[in-house]
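*Asks:* this is the structure alone, sequence omitted:
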């Protein structure tokens, strides 16, 4: 499998990566077999989503590679040539042809592999998109996306910048100017369509915590064009909380065009700009401020908007305005057992604000209260995290 005469060759490097990928694929395959009963159940949870996403690469790529190389081989045979060597390495492969081919035939032989990837991804999606299991449907959608991404972006760039690869022949304008030019036009068109579909979230599917939530989302989606403002906001919230941010962003953009003075709409925008970010952006801050200025009616929503504003101030090192925003958030929530996790988070953040102001006693007091609330909410992991932070803070200022 390895060429010992050239230990640092691309051939050996690819095989080394293959060994790691095969190991990961086998691990995932065993996990999928064990989790099969769960994967067949509804709803599509975040965990199921993660497994399906991994499977789209580690399980979906090997047959895609085989089909890619087989399409090369079939085109060689079609033009009367012979396949001297068919190399299949699970996650990569190659075909060594023998024969006399015209420039146009060389172009088609090289293009056939990518056409195979696109065809495989399309057939896989079409075959499984109506499967009763949402996990299987999500796997098919993401596998389709990967095959298209590989065929239109990754593989062309990979081979154009290396001394080997199909796209050096496909885009050999000196040998096949017309065919290469037509390929460039179709390639650019498909690439733009793919990027647009990816940007609007066509390849996304939201996850859910309960079957009821998944059913409610389906009902909202089926009547999206006729539903009222609250229904559209609920639909957007399901997309955002279900890790389908591109679809949520597009739906929210349309909603805010129709309802520019919706406080909840601007809060959703703030949440979209803030989720997954280590530091809050100016856009998240401004959207949260706009939501508060327009008037949020629900206490939890008010607290959430104040929290986003406070986090922005904390990122800027501004303790006092952050503390003031967090105090308003806590006042908006009041004291209810249902709000304990959110209150604990707010107190933890306010302790950081107090720390920015070098007010250690107040910071430790808020951490104590946050630990107590986390324990009351049976969130021991968070309580332990807060306790460790308290110990570090006390040690730092002792």
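*Replies:* Thanks, I have the structure now. From a predicted model like this one, the values you see are computed outputs, not experimental measurements.
*Asks:* over to residue 97. Which of the three states is it?
*Replies:* strand (DSSP: H, G, I helix; E, B strand; the rest coil).
*Asks:* distance of residue 86 from residue 170?
*Replies:* Remark: distance between residue 86 and residue 170 (C-beta to C-beta, to the nearest Å) = 21 Å. From N, CA and C alone the C-beta is placed, and that goes for glycine too.
*Asks:* more neighbours, those two?
*Replies:* residue 170 (24 against 14; other C-beta atoms under 10 Å).
*Asks:* contacts only, for the more buried one.
*Replies:* The neighbours of residue 170, taking C-beta atoms under 8 Å, 6 or more residues apart in numbering as the test, are 107, 110, 111, 114, 180, 183.
*Asks:* so where do the strands sit in this structure?
*Replies:* Secondary structure of the chain, counting by DSSP state E: strands at 82-88, 93-98.
*Asks:* surely residue 72 touches residue 112?
*Replies:* Yes. Using C-beta atoms under 8 Å, residue 72 makes contact with residue 112 at a distance of 5.5 Å.
*Asks:* who has more neighbours, the two?
*Replies:* residue 72 (25 against 21).
*Asks:* setting the sequence-adjacent residues aside, check what's closest to that one.
*Replies:* Counting by C-beta to C-beta, 6 or more residues apart in numbering, residue 95 is the residue found nearest to residue 72 once chain neighbours are left out, at 4.3 Å.
*Asks:* burial check on the one you found, number of neighbours?
*Replies:* For residue 95, the count of nearby residues is 22 (other C-beta under 10 Å).
*Asks:* which residues does it bridge with?
*Replies:* residue 86 (DSSP bridges).
*Asks:* wait, what's in contact with it?
*Replies:* Counting by C-beta under 8 Å, 6+ apart, residue 95 makes contact with 69, 72, 73, 76, 83, 85, 86, 87.
*Asks:* from residue 272, how far off is it?
*Replies:* 46 Å.
*Asks:* re the thing from before, so which of the strands of the chain is the most packed in?
*Replies:* strand 93-98 (a mean of 16; mean count of other C-beta atoms under 10 Å).
*Asks:* circling back: can you redo the strands of the chain as JSON lines with distance to residue 233 and mean pLDDT?
*Replies:* Shown next, in JSON lines, are the strands of the chain (distance: least, C-beta to C-beta, whole Å; pLDDT from 0 to 100):
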{"stretch": "strand 82-88", "distance to residue 233": "51", "mean pLDDT": "94"}
{"stretch": "strand 93-98", "distance to residue 233": "49", "mean pLDDT": "93"}
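*Asks:* with distance to residue 42 added, can I get the ones you listed in JSON lines?
*Replies:* Shown next, in JSON lines, are the strands of the chain (distance: least, C-beta to C-beta, whole Å):
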{"stretch": "strand 82-88", "distance to residue 42": "37"}
{"stretch": "strand 93-98", "distance to residue 42": "37"}
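*Asks:* of those strands, which approaches residue 265 most closely?
*Replies:* strand 93-98 (49.9 Å; C-beta to C-beta).
*Asks:* between that closest one and strand 82-88, how many degrees?
*Replies:* On the basis of axes from the mean of the first three to the mean of the last three C-alpha atoms, to 10 degrees, strand 93-98 is oriented at 170 degrees to strand 82-88.
*Asks:* and strand 93-98, how far from the chain's centre?
*Replies:* Strand 93-98 sits 35 Å away from the centroid of its parent chain (C-alpha atoms, centre = their mean, to the nearest Å).
*Asks:* quick check, pLDDT for the residue lying closest to residue 334 once chain neighbours are set aside.
*Replies:* Leaving aside its chain neighbours, residue 334 sits nearest to residue 299 (6.6 Å; criterion: C-beta to C-beta, 6+ apart). Per-residue pLDDT puts residue 299 at 92.
*Asks:* surely residue 299 meets residue 333?
*Replies:* Yes. The criterion here is C-beta under 8 Å, and residue 299 meets it with residue 333 at 5.6 Å.
*Asks:* what touches both of those two?
*Replies:* Joint contacts of residue 299 and residue 333 (C-beta under 8 Å, 6+ apart) are residue 339.
*Asks:* the two: which has the busier surroundings?
*Replies:* Shown here are residue 299 and residue 333; by other C-beta under 10 Å, residue 333 has more neighbours (20 against 16).
*Asks:* I'd say the more buried one and residue 304 touch.
*Replies:* No. The criterion here is C-beta under 8 Å, and residue 333 misses it with residue 304 at 9.7 Å.
*Asks:* what's the burial count for residue 28?
*Replies:* Neighbours of residue 28 (other C-beta under 10 Å): 16.
*Asks:* can you tell me how far the residue nearest to it when sequence neighbours are not counted sits from residue 357?
*Replies:* Residue nearest to residue 28 in three dimensions, not counting chain neighbours: residue 58, with 4.9 Å by C-beta to C-beta, 6+ apart. Using C-beta to C-beta, we find residue 58 at a distance of 49 Å from residue 357.
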